[in-house]
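Participant: here are the coordinates; sequence isn't available:
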């Protein structure tokens, strides 16, 4: 603050020393100064403030894996099947005389059938599962402390300050 007020001082040696030290530090190339002087009675001070630079980044939140398992179960089905049976019926005859004179060996064949169960398996589609994703927009509140610089003018003695800039609404409630 005293450096800022020193710019308005009538002490020539103080301003000359400040100018020389600023020239020396700027010649070194390692340090810079934000105060510029056009002559011994003018001074400028730059005010700064912080603002938020908000960016959004996509990050992996996880994943969804859809898979299917094979589950085996026993199923019992009653299937009606047909089969043939041979019924042998013996009927006694009262010793009746036969037309055939020869007694010989005779064989008859009766084919017998039955239904046999054959089981085949095949796949059928029972349902379809689909998955997709959609974007949902929500609002998050971000709180951060921001700094800004304010100008304060301190005076000693009888010094009148006149502000000619309409962009400054108020400097220390002057």
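Facilitator: Cool, the structure landed. Just so it is clear, the structure is predicted and the values come from calculations on it, not from any experiment.

Participant: look up how far residue 70 lies from residue 62.
Facilitator: Using CB to CB, to the nearest Å, we find residue 62 at a distance of 26 Å from residue 70. Placement of C-beta: from N, CA and C, glycine included.

Participant: brain fart, residue 87
Facilitator: Look at residue 87 and residue 70: by CB to CB, they are 49 Å apart.

Participant: ok, now residue 48?
Facilitator: Remark: distance between residue 48 and residue 70 (CB to CB) = 68 Å.

Participant: who's more crowded, those two?
Facilitator: Taking other CB atoms under 10 Å, residue 48 and residue 70 do not tie; residue 48 has more neighbours (8 against 4).

Participant: what about the more buried one? Give its phi and psi, please.
Facilitator: Main-chain dihedrals, residue 48, degrees, to the nearest 10: phi -130, psi 160.

Participant: ok, it - contacts?
Facilitator: For residue 48, the contacting residues are 148-149, by CB atoms under 8 Å, 6 or more residues apart in numbering.

Participant: hmm, try it at 7 Å
Facilitator: Listed by CB atoms under 7 Å, 6 or more residues apart in numbering, the contact partners of residue 48 are residue 149.

Participant: measure it to residue 42 for me?
Facilitator: In terms of CB to CB, residue 48 sits 21 Å off from residue 42.

Participant: then residue 77?
Facilitator: 105 Å.

Participant: the two: who's more crowded?
Facilitator: The neighbour count for residue 77 versus residue 42, taken as other CB under 10 Å, is higher for residue 42 (10 against 6).

Participant: can you give me phi and psi for the more buried one?
Facilitator: With angles defined as degrees, to the nearest 10, residue 42 sits at phi -120, psi 150.
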